[in-house]
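J.: I would like to see how this sequence folds:
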Amino acid sequence: MKIFILNSSGNVGKSLISRELFYPRLDNCKIIEVETVNRGSKELKHLNVEQFKTGDDFMNIYLQLMEIENIIVDVGASNLAGFWEQMNDYTGIEDMFDLFVIPVTSGDKEMTDTYKTILFLREQGIPEEKIKVIFNRVKKSVENEFAVLLSADFSFNTNCFIKESSLFKDLGLMKQTISDIYNEDIDSYKKQILEEKSPQKKLLLVKKDLANRMAVKIKRDFDELVSCLTDYEPKQEPREQKKKEKVQEVKEVEKETENEISEDDEEL
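T.: This is a model prediction of the structure:
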């Protein structure tokens, strides 16, 4: 899958969506950042990220688009016009992308710029089904916080949203991702917390425990969000798989019971 992440407004969460939402769910994925202002994800050395400036080696980016199956192109707001102008010099490069993802936050300017970005993509001939808007930093309600944007002429999916979370800021400071701190066992810190004698170390363990619990919840939400945007099917975590198997087991028992009752009725 090839994903283009863009918005003519800055600070809406493009880098977050690149590295946290799509990158861990695409096999052997690479992020290409076209950015001259913000740091982006290149500082996370354990991720496969390469950063370019507008005008720098466009041929290299094009070659990687051809060679790499799963690639995310994250273009900064200040670089979007110049990068797209380069793309327009060559016929059909925009057709190489499967999705054009536009993150948006609830500020008036950000919402206005988002609709301008949608109109721009329409003018470039991008099919509407390839354009996906993600409502970012939602506090309570997409419908209330993004009412101005939702009134625009576009088929928005209000299920495509990311809730505001302090975890993202903490991860940025630690230069880590959700995948780095995630542990499917939400009780993994419990024994250490109960046994720790030092109040300071105990508090640190509690913070790690709570961060992991947030990470587990956000990972599940992100699995659902990517499924909503693509054909992605999340891998079943052991805990979830056991739940699924248990439900199936109960259904089978109920079915057997119904069959037995039906046979008894026939005898009567």
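J.: CA only for contacts and neighbour counts going forward, please
T.: Noted.
J.: Okay, now the sheet partners of the strand of greatest length in the chain, with direction.
T.: When the chain is parsed with DSSP state E, its longest strand is strand 131-138. Sheet pairing of strand 131-138 (DSSP bridges) gives strand 99-104 (parallel), strand 161-163 (parallel).
J.: From the chain's centroid, how far away is it?
T.: 10 Å (Cα atoms, centre = their mean, to the nearest Å).
J.: 846 is where my numbering starts, stick with that
T.: Sure, I'll start counting at 846 from here, so that last one is strand 976-983.
J.: quick one: contacts of it?
T.: Here strand 976-983 makes contact (Cα atoms under 8 Å, 6 or more residues apart in numbering) with 857-858, 944-951, 963, 966, 987, 990, 1001-1003, 1005-1010, 1074.
J.: Thr887 touches Val879, doesn't it?
T.: For the record, residue 887 is Lys, not Thr. No - counting by Cα atoms under 8 Å, Lys887 does not reach Val879; the two are 11.0 Å apart.
J.: can you list residues touching both of those two?
T.: Gln896.
J.: the more surrounded of those two?
T.: Val879 (25 against 16; other Cα atoms under 10 Å).
J.: residues in contact with that one?
T.: 896-899, 918-921, 924, 928.
J.: what pLDDT does it get?
T.: Turning to Val879, the model gives it a pLDDT of 93.
J.: so what's it bridging to?
T.: Phe897, Val920.
J.: those strands in the protein, which residues are they?
T.: Under DSSP E, the chain gives strands at 847-850, 875-879, 894-897, 916-920, 944-949, 976-983, 1006-1008.
J.: Looking at pLDDT only, which of the contacts of Val879 scores worst?
T.: Per-residue pLDDT puts Thr899 lowest of these, at 71.
J.: Can you get me a residue count around it?
T.: Thr899 has 21 neighbours, counted by other Cα under 10 Å.
J.: My guess is it contacts Ser923. True?
T.: No - Thr899 is not in contact with Ser923 according to Cα under 8 Å; the separation is 9.3 Å.
J.: joint contacts of those two?
T.: Contacts common to Thr899 and Ser923, judged by Cα under 8 Å, 6+ apart, are 880-881.
J.: Helix or strand with the lowest mean pLDDT in this structure?
T.: The least trusted helix or strand in the chain, going by mean pLDDT, DSSP states H and E, turns out to be helix 1083-1112, with a mean of 54.
J.: Listing request: residues of the stretch 996-1113 of the chain with sub-threshold pLDDT.
T.: Scanning the stretch 996-1113 of the chain for pLDDT under 70 picks out 1080-1113.
J.: tell me the helices in it, going along the chain?
T.: Remark: helices assigned in the stretch 996-1113 of the chain by DSSP state H, counting those that start in this stretch are 1011-1019, 1023-1026, 1035-1040, 1044-1074, 1083-1112.
J.: Check the offset of the third one from the chain's centre.
T.: To tie it back to what came earlier, the one meant is helix 1035-1040. On Cα atoms, centre = their mean, the centre of helix 1035-1040 falls 33 Å from the chain's centre.
J.: Asn873: what's its closest spatial neighbour, skipping adjacent residues?
T.: Spatial nearest neighbour of Asn873, excluding adjacent residues (Cα to Cα, 6 or more residues apart in numbering): Asn915 at 6.7 Å.
J.: Save the contacts of Val879 as a markdown table, and put in distance to Ile1031 too.
T.: Formatted as a markdown table, these follow (distance: Cα to Cα, whole Å):
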| residue | distance to Ile1031 |
| --- | --- |
| Gln896 | 35 |
| Phe897 | 39 |
| Lys898 | 41 |
| Thr899 | 43 |
| Val918 | 34 |
| Asp919 | 33 |
| Val920 | 36 |
| Gly921 | 36 |
| Asn924 | 41 |
| Phe928 | 44 |
